[in-house]
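Undergrad: what follows is a predicted protein model with its sequence.
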Amino acid sequence: MMLQVSDLTIARGGIPVLEGVRFTLAPGQALVVRGPNGIGKTTLLRTIAGLQPPVSGRIDVPPESLVYAGHADGIKATLSVNENLKFWAEVFGQKDYSKAIEVFNLGPLATRPAGALSAGQKRRLGLARLLVTGRAIWVLDEPTVSLDTDAVAMFAHAVRGHLATGGMALMATHIDLGLGEAQVLDVAAFKAKPLADNDFDGAFL
Amino acid sequence: MIALLLRDIRLAMRAGGGFGLGLSFFLIVVVLVPFGVGPQSALLTVIAPGILWLGALLACLLSLDRILALDWEDGSLDLLATSPLPMEGIVSVKALAHWVTTGLPLVAAAPVLGLLLNLSEPGYKWLIISLFLGTPALSVIGTFGAALTVGLKRGGLLLSLLVLPLYVPTLIFGAEVARRGAEGLDATTPLLMLAGITCGTIALLPFASAAVLRVNLR
């Protein structure tokens, strides 16, 4: 099982943002995607997650092996922490979500409505969802936003545990997680050249 | 799939879920019509099937933008799209959940409200049958409209404009079944047409909704 991206060109709103992106992720490896704001990190991750088609290039990923976590956590405010996790576990055909509660220390909050959680607690719940999916490849977009130092450590611990069991993680983040083994991919090097401005009629057609 | 259905129904029942929205709108419309028409029970009997159907249709329309917009706002839709559930299944289940929380209560409430409109006695059976057969089509067509407008802020207006023309055949045949039934005439033909529309939309529209949703999530 491997995630292999070769010669990938991705576009946002019809305009190519990154081209020639290539990397390989093997079991037990983590890859941190870096780059300035607006370079196309989110677009890259959404393309790999299958939410949008690439312009060209290949993404080789085993079917049913990937889980995506975006900027929004997908939490329902009127459901309790338990109910939220149970729902996602069932969607992914899993039953046990107690490990996720334990790893992200959600036990004391388990019966609270998710709407009553703080921003950081919500994020922890959103990240706990990754553990209940049972998927091998985690694709994470800014996973540490609004987390405090302890929670970041909790998250780093969860990622390390996931990698140790042969999982993979691909994440866009700006802070140092203390994952010494993680490789870094600076996507600024793949910035697409601006389109040649010869399509004058195009704007009117 | 069942988890998604149960979640949607549970969300609709909880605070702010909008479970009572369609039902109370239906109630208000039907209660107010006799005041507007005046105390003419013979006239009310004539217009009762049409008013009841129109009320049910508008009540359905009122809650359509909640089907997908809430899931889109909190990011659940992205996560569902990357989950093992097929997109066609997601939109079908969402339409079913909408029908259970909106259409079914309308069917149950219609006979009581028919009393307020002096609906003729043989009409009750046909009203319930026609609403039971017709409201699933309203939910499925509505889900298609919701999928078309999911990324738009305040897409409710556009959604109504897109969906209303698609509702017309269901309204025509549904109200016709109820009217013919109330007058004691044979209602088989419009009933078959109504059933056909419902079956057709349930069979075909989820594919269109799923395709549209995939484009909208890009």
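TA: Everything's here; your move.
Undergrad: quick check: nearest residue in space to whichever residue of chain A sits closest to chain B, chain neighbours excluded?
TA: Residue of chain A nearest chain B, by Cβ to the nearest Cβ: residue A:72 (2.5 Å). In short, each C-beta sits where N, CA and C put it, glycine included. The shortest distance from residue A:72 to any non-neighbouring residue, by Cβ to Cβ, 6 or more residues apart in numbering or on different chains, is to residue B:75 (2.5 Å).
Undergrad: state the phi and psi torsions of the one you found.
TA: phi 90, psi 0 (degrees, to the nearest 10).
Undergrad: got a list of what it touches?
TA: A:70, A:71, A:72, A:73, A:74 (Cβ atoms under 8 Å, 6 or more residues apart in numbering or on different chains).
Undergrad: which pair of the residues you listed spans the longest distance?
TA: A:71 and A:74 (10.4 Å; Cβ to Cβ).
Undergrad: which of those two has more neighbours?
TA: residue A:74 (20 against 12; other Cβ atoms under 10 Å in any protein chain shown).
Undergrad: helix, strand or coil: sort out residue B:72 for me.
TA: Of the three states, residue B:72 takes helix according to DSSP: H, G, I helix; E, B strand; the rest coil.
Undergrad: still on that earlier bit, as TSV, the contacts of residue B:75 with secondary structure and pLDDT would be great.
TA: As requested, the contacts of residue B:75 are exported to TSV (DSSP: H, G, I helix; E, B strand; the rest coil; pLDDT from 0 to 100):
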residue	secondary structure	pLDDT
A:70	coil	88
A:71	coil	87
A:72	coil	89
A:73	coil	87
A:74	coil	87
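Undergrad: what sits up against stretch A:3-19?
TA: Here stretch A:3-19 has contacts from A:20-25, A:39-40, A:43-44, A:47-48, A:52, A:54-61, A:66, A:137, A:168, A:170, A:187, A:190-193, A:195, using Cβ under 8 Å, 6+ apart.
Undergrad: if we check chain B, which of these are in contact?
TA: Among these, proximity to chain B is found for A:52, A:66 (Cβ under 8 Å from any Cβ of the partner chain).
Undergrad: in helices only, show me the contacts of stretch A:3-19.
TA: Here DSSP state H is the test, and the contacts of stretch A:3-19 give A:43, A:44, A:47, A:48 as lying in helices.
Undergrad: the third one: neighbour count?
TA: Okay, so that is residue A:47. 25.
Undergrad: my guess is it meets residue A:56, correct?
TA: No - the criterion here is Cβ atoms under 8 Å, and residue A:47 misses it with residue A:56 at 11.2 Å.
Undergrad: how about the residues of chain B by chain A?
TA: Residues of chain B lying near chain A (Cβ under 8 Å from any Cβ): B:2-4, B:7, B:10-11, B:14-17, B:73-76, B:78-85, B:217-218.
Undergrad: out of those residues, which are buried?
TA: B:3-4, B:7, B:10-11, B:17, B:74-76, B:78-83, B:85, B:217 (16 or more other Cβ atoms under 10 Å in any protein chain shown).
Undergrad: now, these that are in helices?
TA: The helices, defined by DSSP H, take in B:3, B:4, B:7, B:10, B:11, B:76, B:78, B:79, B:80, B:81, B:217 from those.
Undergrad: what sits closest to the most centrally placed residue in chain A if chain neighbours are left out?
TA: Chain A has residue A:140 as the residue nearest its centroid, 1.4 Å off, counting by Cα atoms, centre = their mean. Closest residue to residue A:140 apart from its sequence neighbours, by Cβ to Cβ, 6+ apart: residue A:171 at 3.9 Å.
Undergrad: do the same with residue B:78
TA: That would be residue A:70: by Cβ to Cβ, 6+ apart, it lies 5.3 Å from residue B:78.
Undergrad: ok, that neighbour touching residue B:79?
TA: Yes - assessed by Cβ under 8 Å, residue A:70 is found in contact with residue B:79 at 7.4 Å.
Undergrad: and stretch B:134-142, average pLDDT?
TA: Here stretch B:134-142 scores 95 as its mean pLDDT.
Undergrad: hmm, who's touching that stretch?
TA: So stretch B:134-142 is contacted by B:53, B:56-57, B:60-61, B:64, B:67, B:95-96, B:98-99, B:102-104, B:106-107, B:163, B:166-167, B:170, B:173-174, B:194, B:197-198, B:201-202, B:205-206 (Cβ under 8 Å, 6+ apart).
Undergrad: next step: these restricted to helices.
TA: B:53, B:56-57, B:60-61, B:67, B:95-96, B:98, B:104, B:106-107, B:163, B:166-167, B:170, B:173-174, B:194, B:197-198, B:201-202, B:205-206.
Undergrad: list buried residues within those.
TA: For the ones in helices among the contacts of stretch B:134-142, buried by 16+ other Cβ under 10 Å: B:53, B:56-57, B:60-61, B:67, B:95-96, B:98, B:104, B:106-107, B:163, B:166-167, B:170, B:173-174, B:194, B:197-198, B:201-202, B:205-206.
Undergrad: how about residue A:131: what's its closest non-neighbour residue?
TA: Once flanking residues are discounted, residue A:131 sits nearest to residue A:100: 3.9 Å by Cβ to Cβ, 6+ apart.
Undergrad: got the contact list for that neighbour?
TA: Going by Cβ under 8 Å, 6+ apart, the list of residues near residue A:100 reads A:85, A:106, A:128, A:129, A:130, A:131, A:132.
Undergrad: residues contacting the fifth one?
TA: Right, the one you point to is residue A:130. Contacts of residue A:130 (Cβ under 8 Å, 6+ apart): A:67, A:69, A:100, A:138, A:140, A:158, A:162.
Undergrad: which of those has the most neighbours?
TA: Neighbour counts for the contacts of residue A:130, by other Cβ under 10 Å, peak at residue A:69, which reaches 26 neighbours.
Undergrad: may I have the secondary structure class of the closest residue to that one other than its chain neighbours?
TA: In space, and not counting its chain neighbours, residue A:69 is closest to residue A:140: 5.0 Å by Cβ to Cβ, 6+ apart. What three-state DSSP gives for residue A:140 is strand.
Undergrad: mind listing what residue A:140 touches?
TA: Neighbours of residue A:140 in contact, by Cβ under 8 Å, 6+ apart: A:45, A:69, A:130, A:169, A:170, A:171, A:172, A:173.
Undergrad: buried only: go through those residues for me.
TA: A:45, A:69, A:130, A:169, A:170, A:171, A:172, A:173.
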